[in-house]
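In: Quick one: sequence plus predicted model below, questions after.
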Amino acid sequence: MSRPLNPWDDASILAQRLQCTNARVYIIIGATEWCSRCRDVRVQFDLYADHPLLDETWLWLDLVEHGEFIGDYQPENLPMLILYQGAQLLACLEIETVGHGFEATVDLLRTPSLSSGEKKHRSAITDPGIRERLLVQDWAVE
């Protein structure tokens with residue numbers, strides 16, 4: 001089990017992974033301090049982040065702590081899941097926490113037809129630009 005990646009400490013690693021065309025980067029935006037749904041999802045997120053599939057990277061962005069990476073993007077609801085494969089935004093959707101919501105969402109997003117472009121999640125929206133901000137490897141250098 002490895003420690004979760006942190007954009008403050010792992011900028012170079014994240015940038016390298018985001019540049020791979022087959023890499024899938026799952027980004028969860030939440031606020032565990034005041035959002036109970038986010039706290040519930042965080043537990044499930046940690047399980048996936050600790051045991052990712054090949055070419056998967058899992059990243060938790062907190063609204064307060066990681067605001068620089070989220071930028072002007074204001075999610076309608078929390079928690080939100082954003083999925084990139086290479087430079088392509090595959091999904092940007094609210095995570096349902098009822099029943100098997102998180103697990104079912106991840107299973108859907110892992111389907112081969114989604115990655116091949118045959119279908120996109122119906123909640124896909126305009127790219128919030130998070131990938132571009134994370135690609136800057138030297139943002140923390142003074």
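Out: It's in.
In: What are the boundaries of the helices in this structure?
Out: For the chain, the helices defined by DSSP state H cover 11-19, 36-50, 67-70, 101-109, 112-115, 130-134.
In: how about the longest one: buried residues?
Out: Spelled out, it's helix 36-50. Neighbour-count burial for helix 36-50, counted by 16 or more other CB atoms under 10 Å, picks out 37-38, 40-42, 44-45, 48-49. From N, CA and C alone the C-beta is placed, and that goes for glycine too.
In: Out of those residues, the closest to Glu103 would be?
Out: Of all these, Gln44 has the smallest distance to Glu103: 7.0 Å, by CB to CB.
In: From Leu109, how far out is the nearest residue to that closest one once chain neighbours are set aside?
Out: Spatial nearest neighbour of Gln44, chain neighbours left out: Phe102 (4.6 Å); criterion: CB to CB, 6 or more residues apart in numbering. Distance of Phe102 to Leu109, given as CB to CB, to the nearest Å: 11 Å.
In: Settle it for me: which of the two has more neighbours?
Out: Comparing Phe102 with Leu109 by other CB atoms under 10 Å, the one with more neighbours is Phe102, at 22 against 18.
In: quick one: that one and Glu94 touch, right?
Out: No. If you go by CB atoms under 8 Å, Phe102 and Glu94 don't touch, sitting 11.0 Å apart.
In: Would you single out the least confident of the helices of the chain?
Out: With a mean of 64, helix 112-115 has the lowest mean pLDDT of the helices of the chain.
In: picking that back up, closest one to Asp10 out of the buried residues of helix 36-50, please.
Out: Closest approach to Asp10 among the buried residues of helix 36-50 (CB to CB): Ala49, at 12.2 Å.
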